[in-house]
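A.B. asks: show me how the following folds:
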Amino acid sequence: MKYGNLKMASLVSRYLSDIIQLQLKKEIGIFSISRVVVSKDNAVAKIFFTCLGVSPEKVVESLTLAKGFLRSELAKKLTTYKTPELNFIYDDSFEETKRIQKLIEEVNKKQ
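C.D. replies: Numbers count the residues shown, from 1 in each chain. Okay, the predicted model is just below:
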């Protein structure tokens, strides 16, 4: 069965989130997938995530160590011939948004 990129990204996000929450919750703490970007040929998936309670570097390390397991579990749920390679990237957009908001507040206070 052939999926479009958005459909594949949505499925990877949903299934992977479930797998990680059930299997790796102790290692990574509070974890959320914020975005998934899949290549045109569905060979690679970039998983952007946020986390609380554990440093992002430790979470990336844990996810990288479990990458093979996660990919095999994902393959069981997807009905595609090929399961994308998983690349985990910490999404720091939330911190960046807070930083920009703080700067704007400081400028407004000075005026």
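
A.B. asks: now the lowest-mean-pLDDT helix or strand in the chain: buried residues?
C.D. replies: Evaluated with mean pLDDT, DSSP states H and E, the helix-and-strand set of the chain has its lowest mean pLDDT in helix 25-28, which scores a mean of 77. With burial defined by 16 or more other Cβ atoms under 10 Å, the residues of helix 25-28 counted as buried are 27-28. For glycine as for every other residue, the C-beta is placed from the backbone atoms N, C-alpha and C.

A.B. asks: show me what it packs onto, helices and strands only.
C.D. replies: helix 56-65 (3 or more Cβ pairs under 8 Å, 6 or more residues apart in numbering; DSSP states H and E).

A.B. asks: what's the helix it packs on in contact with?
C.D. replies: Contacts made with helix 56-65 from outside it, assessed by Cβ atoms under 8 Å, 6 or more residues apart in numbering, are listed as 20, 24, 27-29, 31, 49, 51, 70, 86, 88-90, 92.

A.B. asks: give me the number of residues near Arg35?
C.D. replies: When neighbours are defined as other Cβ atoms under 10 Å, Arg35 has 14 of them.

A.B. asks: having no further points to raise, I will conclude here.
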